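>>> just the structure for this:
(one chain, ligands or ions: 2)
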Amino acid sequence: MTAAPQLIPPVVAIDPPLAVEDLHVSYDGVPALHGVSLRVDAGQIVALVGGNGNGKSTTLRAIAGLNKADAGSIRFTGLELGGVPAHERVPLGLSLVPEGRRLFPRLTVRRNLELGAFTRHIGAEVDASVDEMFELFPILKERANQLAGTMSGGEQQMLAIARGLMARPRLLMLDEPSWGIAPKFVTKVLDVIQRINAGGVAILLVEQNLHKALGIAHHGYVIQTGRVVMEGDAHSLLHDEQVRRVYLGL
Ligand SMILES: Nc1ncnc2c1ncn2[C@@H]1O[C@H](COP(=O)(O)OP(=O)(O)OP(=O)(O)O)[C@@H](O)[C@H]1O
Ligand SMILES: [Mg+2]
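Ligands and ions are numbered 1, 2, ... in the order given. Next up is the predicted model:
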């Protein structure tokens, strides 16, 4: 493993970066989240694990401001986010790498990266960040002028993560980054998440796969039908029989 990259200037510790309390979200009146509470402390990787349709993406999208909260509180570095539109949450330091990656397939790798810096306006600064991303993800440098949609799933996931970092987040939220990619890339993605965290960025990692997520996390939450049913330090959760058997079908 190479040295941790210097992605961002040192962040003044305001603890905790993220505190979600009693979050309720519904779709057309049908509740999806029934009072989710979780927190991400400075310097942590926190995993939110659970099976299909249990509310993982809804939680991340609500934090990012893409789903409206019916009730509850989302505080980020001490600021209540209720009423703050999604695009204004990005410059505050919240960045979401969405489920399914959502790249611009007909644009080049470089252009996708530049668009990740849409809240920053100084060209030279953006260019410097693109160069940082090329250092962190050498494969993207090789493919800088290739259309994003022509890359493999794993390469596209690397690009999606790099694009998320272009906003210089304090908290990076990743929605199933190992989904649909070859096993060798899964290892690379997990490694890169740890390196990003070592560079000072807190991580909220959503995964269906218990081993992948809790294996690199400090703390974990298990979500089932829109409720957090278990939480604890990642190591204990990973070895908890009830978690393994009941909630993750192992
Ligand atoms: N756009 C939508 N419209 C209506 N219902 C939705 C919508 N998105 C999600 N839901 C419902 O909300 C619940 C939670 O879905 P969510 O996508 O948050 O789960 P998830 O844990 O991310 O699942 P997966 O592992 O499949 O990604 C599910 O019952 C789902 O059917
Ligand atoms: Mg999901």
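
>>> following whichever helix in the chain runs longest, which helix or strand comes up?
Under DSSP state H, the helix in the chain containing the largest number of residues is helix 183-198. Using DSSP states H and E, the next helix or strand after helix 183-198 towards the C-terminus is strand 202-207.

>>> quick check: buried residues in the helix or strand following that next one?
Read in the C-terminal direction, the helix or strand following strand 202-207 is helix 210-216, with elements assigned using DSSP H and E. By 16 or more other CB atoms under 10 Å, the buried positions in helix 210-216 come out as Leu210, Lys212, Ala213, Leu214, Ile216. C-beta: built from backbone N, CA, C; applies to glycine.

>>> closest to ligand 2 among these?
In terms of CB to the ion, no member of the buried residues of helix 210-216 lies closer to ligand 2 than Ala213, at 12.9 Å.

>>> restrict the longest helix of the chain to CA atoms and write it as CSV.
As requested, C-alpha coordinates have been extracted for helix 183-198 and formatted as CSV (Å, rounded to 0.1, in the frame of the first residue of the first chain):
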residue,chain,number,x,y,z
PRO,A,183,-13.8,-9.4,-7.3
LYS,A,184,-10.3,-8.1,-7.9
PHE,A,185,-11.8,-4.6,-8.2
VAL,A,186,-13.8,-5.1,-4.9
THR,A,187,-10.5,-5.4,-3.1
LYS,A,188,-9.1,-2.3,-4.8
VAL,A,189,-12.2,-0.3,-4.0
LEU,A,190,-12.1,-1.3,-0.3
ASP,A,191,-8.4,-0.4,-0.2
VAL,A,192,-9.0,3.0,-1.8
ILE,A,193,-11.8,3.7,0.7
GLN,A,194,-9.4,3.0,3.6
ARG,A,195,-6.8,5.3,2.0
ILE,A,196,-9.3,8.1,1.5
ASN,A,197,-10.2,7.7,5.2
ALA,A,198,-6.6,7.8,6.2
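
>>> start the count at 37, not 1, going forward
Got it, the first residue is 37 from now on, which makes the last one we talked about helix 219-234.

>>> that helix: which residues count as buried?
Going through helix 219-234 with 16+ other CB under 10 Å, the ones that come out buried are Phe221, Val222, Lys224, Val225, Leu226, Val228, Ile229, Gln230, Arg231, Ile232, Asn233.

>>> same deal with stretch 187-205?
With the criterion 16+ other CB under 10 Å, stretch 187-205 contains buried residues 187, 190-205.

>>> quick one: average pLDDT of that stretch?
Taken as a whole, stretch 187-205 carries a mean pLDDT of 92.

>>> and that stretch, how far out from the chain middle?
Stretch 187-205 sits 11 Å away from the centroid of its parent chain (CA atoms, centre = their mean, to the nearest Å).

>>> quick check, Val264 in contact with Ser73.
Yes: contact between Val264 and Ser73 holds when scored by CB atoms under 8 Å: they sit 6.4 Å apart.

>>> who's more crowded, the two?
Set side by side, Val264 and Ser73 show more neighbours around Val264, with 21 against 15, by other CB atoms under 10 Å.

>>> ok, now how distant is Arg138 from ligand 1?
Counting by CB to the nearest ligand atom, to the nearest Å, the gap between Arg138 and ligand 1 amounts to 14 Å.

>>> would you say that residue is within a helix?
No: counting by DSSP: H, G, I helix; E, B strand; the rest coil, one finds Arg138 to be coil, located in no helix.

>>> surely it is in contact with Gln193?
No: the pair Arg138 and Gln193 fails to qualify as a contact (CB under 8 Å) at a distance of 11.4 Å.

>>> name the residues contacting each of the two.
In terms of CB atoms under 8 Å, 6 or more residues apart in numbering, Arg138 and Gln193 are not both contacted by any residue.
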